[in-house]
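J.: only geometry, no sequence info:
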């Protein structure tokens, strides 16, 4: 009887140990503040995944930039201190530069062009990103980054020597802003508000909703509506960590997360339209550039992009496909 009890207890302990061994809590960092829509929905998704995997998969979120900027988060993922994070395409430049293609400066004229290209290239980019060692569940539109400044920007002359914020490690944006005659200042996104307050930075590029979230609109007075870059959010999860989870549990994560990122994509577009109106109501002066001035900006930044492409910084075939899709759209939508 005692032997039976001991044997039964041993089996129970073994089952518990096996359950613990297969459980996984993904540690994920984001600059999104606690209580934001993104965090609220991600926590709901995490709870659903935990329930559907019987507790084998869970997520722990580090919010508000407590883990540092994107470079710091990438370093901590490499060290195994984190398993993932929410990044911009430019923030993942060190591991997969091709994700930067969507946010090449002055690439798109409008969101209709974005939709046409993304419908054709999101799949190949996600596949390439996974080959680079990361799993993604879809890309979330952040909107167009617009030039926001303390003094008005209408022409190249207005930019000459102005100190512009460039995300740390973002070579494409750095070279493009330098080509416009600006003076790039590389900072993690968590330090930009301080940079604006101290005068270290005079110009920033961000979406309307980004300006409100980070309170940058309190330190700028003008917004130029020409789309500078297309901002894309990427939830990147280390593939090595994800592969430790059972295949059926991986599928649960995909089934929950992929529809969520489609919803983020749609919601962010609406939020950016509303955020632009809020900026206007708060006293930010909106500047519409002339087509001639916008074309001059595009010509300058294009030279920087061509140099990087010649160096093999991007996958040339993907860049060719992107430009071919853009040409197709523009030909079919000529006035």
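T.: Nice, thanks for sending it over. Because the structure is a prediction, the values reported are computed rather than measured. Numbers count the residues shown, from 1 in each chain.
J.: now do the lengthiest helix in the chain: which elements does it pack against?
T.: Across the chain, the helix with the greatest residue count (assigned by DSSP state H) is helix 247-281. Judged by 3 or more CB pairs under 8 Å, 6 or more residues apart in numbering; DSSP states H and E, the packing partners of helix 247-281 are helix 37-52, strand 57-62, strand 139-149, helix 208-213, strand 222-238, strand 285-287. Any C-beta I mention is one placed from the backbone N, CA and C, and that applies to glycine too.
J.: dump those into TSV; add mean pLDDT as well.
T.: Shown next, in TSV, are those (pLDDT from 0 to 100):
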stretch	mean pLDDT
helix 37-52	95
strand 57-62	97
strand 139-149	94
helix 208-213	92
strand 222-238	94
strand 285-287	96
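J.: and these: which comes nearest residue 250?
T.: strand 57-62 (8.5 Å; CB to CB).
J.: need the contact partners of the closest one.
T.: 23-30, 39, 42-43, 45-46, 49-50, 82, 245, 249, 252-253 (CB atoms under 8 Å, 6 or more residues apart in numbering).
J.: list only buried entries from those.
T.: Neighbour-count burial (16 or more other CB atoms under 10 Å) is assigned, among these, to 23-24, 26-30, 39, 42, 45-46, 49-50, 82, 245, 249, 252-253.
J.: just to revisit the earlier point, pipe the helices and strands packed on helix 247-281 into a markdown table and attach distance to residue 189 per row.
T.: Shown next, in a markdown table, are these (distance: least, CB to CB, whole Å):
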| stretch | distance to residue 189 |
| --- | --- |
| helix 37-52 | 15 |
| strand 57-62 | 15 |
| strand 139-149 | 12 |
| helix 208-213 | 9 |
| strand 222-238 | 11 |
| strand 285-287 | 24 |
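J.: so which of the ones you listed comes closest to residue 333?
T.: Evaluated over those, closeness to residue 333 peaks at strand 222-238, with 16.4 Å, by CB to CB.
J.: which helix or strand lies directly C-terminal to that closest one?
T.: helix 239-242 (DSSP states H and E).
J.: distance from that next one to the middle of the chain?
T.: The gap between where helix 239-242 is centred and where its chain is centred comes out at 20 Å by CA atoms, centre = their mean, to the nearest Å.
J.: same thing with stretch 40-58?
T.: Chain-centre distance of stretch 40-58: 22 Å, with CA atoms, centre = their mean.
J.: also stretch 130-140?
T.: Relative to its chain's centre, stretch 130-140 lies at 12 Å (CA atoms, centre = their mean).
J.: please enumerate residues in contact with it?
T.: So stretch 130-140 is contacted by 84, 89, 92, 95-96, 102, 118, 122, 125-126, 129, 232-240, 242, 253-254, 257-258, 260-262, 264-265, 268 (CB under 8 Å, 6+ apart).
J.: just stretch 287-304 next, same as before
T.: In contact with stretch 287-304 (CB under 8 Å, 6+ apart) are residues 105-106, 152-156, 172, 175-176, 178-181, 222-226.
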